[in-house]
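> Okay, predicted coordinates and the sequence, questions at the end:
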Amino acid sequence: MKFNLDRLIEDFENHLKPEDNNRIIFSGAFGTGKTFFLDNFFLNNSEYEAIHLYPVNYSVSPTEDIFELIKYDILFSLLGRDVELENINIPIDVFLPYFFQSNQFNIAAHLLGYVPKVGGLLKESAEKIIELKKQFDKDYKNTKESEFDNIVKYLEKFKTIKGNLYEEDYFTQLICKLVEQIKENKKKKNVLIIDDLDRIDPDHIFRIFNILAAHLDISKVTNQNKFNFDKIILVCDIENIRKIFANRYGMNVDFSGYIDKFYSKSIYPYNLSFEIEERFRDILEHTPDLRTNSNFSSNTIYILLAFLQYNLLPVRVLLRNLDSEIKTKRLKVYTDNEFRKDITNNEIELISTIYFLKEFFQSYEALISNCKFLIGKEIKNPLNISIQLLVSELISAISFKKYHKNTINIRDESENLSLSTPKYIFYYSIKRLWNSENISNDNYKIELKDIKSNSTKIKLSDIDYFELLTWVLEESKFSKVVRDQF
């Protein structure tokens with residue numbers, strides 16, 4: 001089951017296209033397919049050459065510099081893109097610190113030789129300076145002639161040691177040259193994507209932010225990105241970054257003033273809700289349990305849509321569970337002592353709904369927690385699912401002990417029933433729908449007659465479905481019985 005991404009692709013392309021929009025924060029909830037979307041977008045777009053990094057996969061300790069690993073990752077990626085290393089010229093002022101760093105022991109020995117002995121040896125000191133100058137010229141020439149060897153050595157050093165400031169200056173310049181070369185040769189705009197930013201250690205998050213910010217402060221006039229990339233995309237859930245920032249710097253520190261330098265126009269909100277609603281009918285056809293039972297279908301679909309609307313259910317989890325075609329089994333929650341009548345998910349469809357939804361969250365408590373979050377929220381109902389049907393299903397679950405009046409031997413209609421919750425009083429009846437061929441397959445129907453709150457009659461549309469559902473799952477007598485099943 002795949003979503004149609006055409007609308008999102010067009011929308012993001014319009015956001016990315018302006019020349020002055022060179023820094024983008026691509027924000028979306030975890031598990032909504034941000035990485036898949038970006039990979040697909042740049043794979044099928046000939047205007048851009050993208051380097052996609054995943055710092056969350058780095059094995060980096062809190063004391064290591066994550067930006068050195070990012071630089072390593074960029075270089076490694078550039079080597080696989082048909083770059084020409086022979087014609088790259090690194091300025092002498094950039095190479096000089098690298099030379100000093102690479103020859104620090106030789107230089108120290110030479111400098112010790114400059115200390116005059118008794119009687120002074122000016123000639124020998126001069127000769128040592130000349131030798132050092134020759135060594136510098138030789139190394140600089142070799143660097144220009146064999147950038148590939150230098151890169152290989154640099155990459156190999158990451159197996160044992162961390163980069164340092166001088167090395168960063170030199171190889172940062174090298175990355176810039178290679179990025180410019182790709183842009184000139186391929187006639188494409190270069191894009192650096194740093195993914196899953198909110199899933200790495202906070203120290204590393206702000207190390208990345210601070211380096212990018214320092215570069216922006218230096219290049220205010222040109223507005224040039226780090227490493228000369230035309231565009232840099234930071235991928236995260238901005239709300240997670242906001243919480244991490246508040247935890248690190250305090251609630252009173254201005255987050256907006258800090259984060260706004262990392263995007264040029266606006267934070268791009270990646271949201272699949274529209275596509276999910278459009279394709280939900282397709283999902284039903286891939287799930288037999290949903291397709292064949294209207295009550296179960298209505299409750300499950302309504303709850304799933306609400307979870308997806310507020311990013312409470314990762315899309316990848318939804319698709320994984322739907323693809324597995326979860327089938328509900330017969331679940332008994334109660335046996336009436338008088339008539340030995342089993343009450344199962346055949347009578348109470350909410351049991352099957354809970355069983356199905358639990359597979360998404362792995363626990364009954366997690367399901368309740370997500371329902372609580374939706375209390376008071378505006379819930380879209382794109383499939384126009386009947387609220388009366390949804391509420392009736394909840395009433396059916398709460399009334400599980402009243403089904404004994406409608407047994408195989410006694411087919412009765414339970415009229416004038418009432419049910420009190422902390423906020424509402426429901427007046428209803430339970431009717432048994434006979435099956436002429438097999439009385440064991442008789443069904444039950446809840447008919448709502450009236451709803452009151454504080455003696456005032458209210459409409460179905462005034463009921464907060466998730467407030468009622470949470471009470472049913474957490475506090476009602478039904479919850480005490482059904483918990484044992486899950």
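Perfect, thanks for sending it.
> Could you use CA atoms for every contact and neighbour count after this?
Fine.
> So which residues make contact with stretch 187-194?
46-55, 179, 182-183, 229-235 (Cα atoms under 8 Å, 6 or more residues apart in numbering).
> whoops, stretch 467-481 was the one
Residues contacting stretch 467-481 (Cα under 8 Å, 6+ apart): 333, 334, 368, 371, 372, 374, 375, 376, 394, 397, 398, 400.
> Can you select the buried ones among these for me in ChimeraX?
The buried subset of these, as determined by 16 or more other Cα atoms under 10 Å, is captured in ChimeraX by this line:
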select :333,334,368,371,372,374,375,394,397,398,400
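> SS state for residue 235?
With DSSP: H, G, I helix; E, B strand; the rest coil as the basis, residue 235 sits in strand.
> Against residue 462, how distant is it?
Separation of residue 235 from residue 462 (Cα to Cα, to the nearest Å): 39 Å.
> remind me which residues of the stretch 101-250 of the chain are low pLDDT?
Where the stretch 101-250 of the chain drops to pLDDT under 70, the residues are 101-170, 217-222.
> rerun at 80
101-172, 215-223 (pLDDT under 80).
> How many residues are close by residue 266?
Using other Cα atoms under 10 Å, residue 266 is surrounded by 14 other residues.
> Any of the contacts of stretch 187-194 buried? List them.
48-55, 179, 182-183, 229-235.
> Just the strands from the stretch 201-350 of the chain, written as ranges.
Here the stretch 201-350 of the chain has its strands, by DSSP state E, counting those that start in this stretch, at 231-236, 268-269, 332-335, 342-344.
> What's the biggest strand in the protein, counting residues?
strand 443-453 (DSSP state E).
> mean confidence score for it?
Mean pLDDT, computed over strand 443-453, is 84.
> same check, this time on stretch 262-280
Computed over stretch 262-280, the average pLDDT equals 82.
> So which bits of it are buried?
For stretch 262-280, by 16+ other Cα under 10 Å, it's 262-263, 265, 267-268, 270-273, 275-277, 280.
> circling back to that earlier point, which members of the buried ones among the contacts of stretch 187-194 occur in helices, if any?
179, 182, 183 (DSSP state H).
> Need those residues in a markdown table (columns: distance to residue 194).
Shown next, in a markdown table, are these (distance: Cα to Cα, whole Å):
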| residue | distance to residue 194 |
| --- | --- |
| 179 | 16 |
| 182 | 19 |
| 183 | 19 |
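> Touching, residue 21 and residue 264? I think so.
Yes. Applying Cα atoms under 8 Å as the test, residue 21 and residue 264 come out as touching, 5.1 Å apart.
> which two from the buried residues of stretch 262-280 end up farthest apart in space?
Using Cα to Cα, the two most remote members of the buried residues of stretch 262-280 are 262 and 280, lying 35.7 Å apart.
> Is residue 444 bridged to anything, and to what?
residue 432 (DSSP bridges).
> my guess is it meets residue 431, correct?
Yes. Residue 444 lies in contact with residue 431 (Cα under 8 Å); the separation is 5.6 Å.
> which residues in the stretch 151-300 of the chain form helices?
Remark: helices assigned in the stretch 151-300 of the chain by DSSP state H, counting those that start in this stretch are 165-186, 202-218, 238-249, 255-259, 273-285, 288-292, 294-309.
> List the contacts of the residue lying closest to residue 307 once chain neighbours are set aside.
Excluding its sequence neighbours, the residue lying closest to residue 307 (Cα to Cα, 6 or more residues apart in numbering) is residue 313, at 5.6 Å. Residue 313 makes contacts with 304, 307, 360, as judged by Cα under 8 Å, 6+ apart.
> can I get those in a markdown table with neighbour count and pLDDT?
Below are the contacts of residue 313 laid out as a markdown table (neighbours: other Cα atoms under 10 Å; pLDDT from 0 to 100):
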| residue | neighbour count | pLDDT |
| --- | --- | --- |
| 304 | 17 | 85 |
| 307 | 18 | 87 |
| 360 | 18 | 80 |
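> Now tabulate those in a markdown table and tack on distance to residue 77.
What follows is those, written out as a markdown table (distance: Cα to Cα, whole Å):
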| residue | distance to residue 77 |
| --- | --- |
| 304 | 40 |
| 307 | 38 |
| 360 | 37 |
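> which one of the helices of the stretch 151-300 of the chain is the most hemmed in?
Among the helices of the stretch 151-300 of the chain, helix 294-309 has the highest mean neighbour count (mean count of other Cα atoms under 10 Å), at a mean of 20.
> For it, name the packing helices and strands.
helix 273-285, helix 288-292, helix 349-361, helix 387-398 (3 or more Cα pairs under 8 Å, 6 or more residues apart in numbering; DSSP states H and E).
> weakest of those helices by average pLDDT?
Among the helices and strands packed on helix 294-309, helix 288-292 carries the lowest mean pLDDT (a mean of 49).
> Turn the buried residues of stretch 262-280 into JSON lines, including distance to residue 426.
Shown next, in JSON lines, are the buried residues of stretch 262-280 (distance: Cα to Cα, whole Å):
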{"residue": "262", "distance to residue 426": "54"}
{"residue": "263", "distance to residue 426": "52"}
{"residue": "265", "distance to residue 426": "52"}
{"residue": "267", "distance to residue 426": "46"}
{"residue": "268", "distance to residue 426": "45"}
{"residue": "270", "distance to residue 426": "41"}
{"residue": "271", "distance to residue 426": "38"}
{"residue": "272", "distance to residue 426": "37"}
{"residue": "273", "distance to residue 426": "33"}
{"residue": "275", "distance to residue 426": "37"}
{"residue": "276", "distance to residue 426": "34"}
{"residue": "277", "distance to residue 426": "32"}
{"residue": "280", "distance to residue 426": "32"}
